[in-house]
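Trainee: Prediction below, plus the sequence it came from.
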Amino acid sequence: MDAFDYLAVLLSIILGLAIQQVLQGYRALILSRARVRFYGPPLVWSAFILAMVAQHWWASFGLAGRSEWSFADFAACLLVTALIYMAAAIVLPDVRPQEELDLERHYYDERTAFFGLLLAAVAASVLREVQLEGRLPEPTNLAFHGVFAAVALVGLATRTGWVHKLLAGAVTVSFVAYVWALFGRLG
């Protein structure tokens, strides 16, 4: 095994835990559906987090050929992954037995933390590129990072319901375009 193989194991565990968080949230919502007041944006954002996990894992294959690793390189990769996990951990609420759950209230209660984590993940992704490659991401990649940062900033700045519904739709379209443009093929 080379250095990347060891790094990939840890990143995969963290990403697997992120997937587990979201899927466990879906399970809890399904089992408690009679007591849940559903709200669209957190459901869209939870699907976005799953797609983000898959994209991050897919993009990490590009690091497989890298032979030299420093602790700073490792930490930069780990930071992005940890921030994605934390967003996954709060996007959906824990559901307690026999307790009513208002998904809209949870969403707005955790809005600042959630969008703060997304903004931090975008910034850490750019910093990871600087750490690993010694430069900013390519212009198209950097532009998409700017779009995702802007979405997170708007999410942080407002509690207006229609804006959050619009953000959830906008991030979905933007993320599909991002993956299509930059990560359609491995290698």
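Mentor: That came in fine, so what should we check first? Numbers count the residues shown, from 1 in each chain.

Trainee: Could you count how many residues lie near Pro42?
Mentor: 25 (other C-beta atoms under 10 Å). C-betas here are computed from N, CA, C, even on glycine.

Trainee: swap that for Leu118, sorry
Mentor: Neighbours around Leu118, by other C-beta under 10 Å: 27.

Trainee: before we move on, what about Ala72?
Mentor: Ala72 has 10 neighbouring residues, counting by other C-beta under 10 Å.

Trainee: who's in contact with it?
Mentor: Neighbouring residues of Ala72 by C-beta atoms under 8 Å, 6 or more residues apart in numbering: Gln131.

Trainee: go on, Pro93?
Mentor: With the criterion set at C-beta under 8 Å, 6+ apart, Pro93 makes contact with 25, 28, 101, 103, 106, 110.

Trainee: tell me the phi and psi of the closest residue to the first one other than its chain neighbours?
Mentor: The spatial neighbour of Gly25 that comes closest, neighbours along the chain excluded (C-beta to C-beta, 6 or more residues apart in numbering), is Leu92 at 3.0 Å. When quoted as degrees, to the nearest 10, the phi and psi of Leu92 stand at phi -120, psi 150.

Trainee: So which of the contacts of Pro93 wins on neighbours?
Mentor: Going by other C-beta under 10 Å, Gly25 tops the contacts of Pro93 with 22 neighbours.

Trainee: thinking again about what came up before, just give me the closest of the contacts of Pro93 to Phe71.
Mentor: When those are ranked by distance to Phe71 (C-beta to C-beta), Glu110 comes first, at 32.1 Å.

Trainee: Name the helix or strand for the residue nearest to the closest one when sequence neighbours are not counted, please.
Mentor: Excluding the flanking residues, the one nearest Glu110 by C-beta to C-beta, 6+ apart is Ile90, at 5.0 Å. Assigned by DSSP states H and E, Ile90 belongs to helix 71-91.

Trainee: What are the buried residues along that helix?
Mentor: Within helix 71-91, the residues that qualify as buried are 73-74, 76-91, counting by 16 or more other C-beta atoms under 10 Å.

Trainee: Whichever helix in the chain runs longest packs against which elements?
Mentor: In the chain, taking DSSP state H as the definition, the longest helix is helix 3-31. Contacts defined by 3 or more C-beta pairs under 8 Å, 6 or more residues apart in numbering; DSSP states H and E place helix 3-31 against helix 40-60, helix 71-91.

Trainee: Please point out which parts of it sit buried.
Mentor: Result for helix 3-31 [16+ other C-beta under 10 Å]: buried residues 4, 7-8, 11, 14-15, 18-19, 21-22, 25, 28-29.

Trainee: Can you get me the centre-to-centre distance for that helix and its chain?
Mentor: Centroid separation between helix 3-31 and its chain, computed with C-alpha atoms, centre = their mean, to the nearest Å, is 11 Å.

Trainee: swap in stretch 91-100?
Mentor: How far stretch 91-100 lies from its chain's middle: 21 Å, per C-alpha atoms, centre = their mean.
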